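Chemist: need a structure here:
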Amino acid sequence: MISIIIPIYNQADKLAKCLDSILAQSYKDFEIITVDDGSTDNPEKIIKKYEDKLVIKFIKLKVNGGAPIARNRGFAESTGGFLFFCDADAVLVPEALETLLEALKSHPEASYTYSSFLWGKKLFKIGSFSTEKLKSGPCIHTMSLIRREAFSETRWDESIKKLQDWDLYLTILENGRKGFWIDKVLFTIQPGGTISSWLPSFAYKLLPFLPEVKKYKKAVGIIKAKHSLK
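Modeler: Residues are numbered from 1 along each chain as shown. Model prediction:
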């Protein structure tokens, strides 16, 4: 079974499309654990509309602690042998879960499978797994399908505020595990969430004074220091 864990923070307006896309999945053996990370827009009202259609659990945290805390709490409540940390602003194609799971079963050497995705109309074509590529910078989205035993060794670092996915996959790599890329677009991120601050690659070299660039470089430095990367 797949445990789908969805952290939510003030994204009630996008959550319905996410849940509709999960409802439409070709693979049906899953549970959903939603974790409200101190939202002020009452996502529970959206979730209640799906309780007769989906196996869905709602957890409400008293204060906003950040996505890693919400994801770890969801994991603690989960029972599936496979974990899928789904963003509340994501819309999955109908065969997403089935495709990820079949790839993972077909590649026992991999601890997680991941795909390309769209942010609005912008394509993020991630590419085949590479240790060197992973060490050089963030390249794999949070929404991979992970074997439970691989995640149990790591969990989300609740002290990391930015580039949390890069940190997680580096930790999994340090445990001697790797991933497998599926050359398909399996989901779309609705613009307006955390990835909405995405900048074209040239901005990081030519516009170092931008606040977004400064924050990004600071976050990169934190991850590199933690994992002893140059």
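
Chemist: confirm that Ser21 sits in a helix.
Modeler: Yes - counting by DSSP: H, G, I helix; E, B strand; the rest coil, Ser21 is part of a helix.

Chemist: so what secondary structure elements neighbour the longest strand seen in the chain?
Modeler: The single longest strand within the chain, with elements called by DSSP state E, is strand 179-189. On a contact count with 3 or more C-beta pairs under 8 Å, 6 or more residues apart in numbering; DSSP states H and E, strand 179-189 meets strand 90-92, helix 96-106, strand 112-119. In this view, the C-beta of every residue, glycine as well, is placed from N, C-alpha and C.

Chemist: of all those, which lies closest to Phe151?
Modeler: Proximity to Phe151, assessed across these by C-beta to C-beta, is greatest for strand 112-119 (8.3 Å).

Chemist: if we can go back for a sec, dump the helices and strands packed on strand 179-189 into JSON lines; add distance to Trp166, mean neighbour count and mean pLDDT as well.
Modeler: Formatted as JSON lines, the helices and strands packed on strand 179-189 follow (distance: least, C-beta to C-beta, whole Å; neighbours: other C-beta atoms under 10 Å; pLDDT from 0 to 100):
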{"stretch": "strand 90-92", "distance to Trp166": "18", "mean neighbour count": "22", "mean pLDDT": "98"}
{"stretch": "helix 96-106", "distance to Trp166": "20", "mean neighbour count": "19", "mean pLDDT": "98"}
{"stretch": "strand 112-119", "distance to Trp166": "13", "mean neighbour count": "22", "mean pLDDT": "96"}
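
Chemist: domain parsing for this protein?
Modeler: Domains of the chain are assigned by automatic domain parsing as 2-193, 199-230.

Chemist: so where's this structure uncertain?
Modeler: 192-211 (pLDDT under 70).

Chemist: quick one: contacts for Ala67?
Modeler: When contacts are counted by C-beta atoms under 8 Å, 6 or more residues apart in numbering, Ala67 touches 7, 9, 37, 156, 164.

Chemist: compare those residues and tell me which is most surrounded.
Modeler: The most crowded member of the contacts of Ala67, judged by other C-beta atoms under 10 Å, is Pro7 (28 neighbours).

Chemist: check the secondary structure at that residue for me.
Modeler: Under three-state DSSP, the three-state class of Pro7 is strand.

Chemist: roughly how far apart are it and Lys230?
Modeler: Plainly put, Pro7 is 32 Å away from Lys230 if you go by C-beta to C-beta, to the nearest Å.
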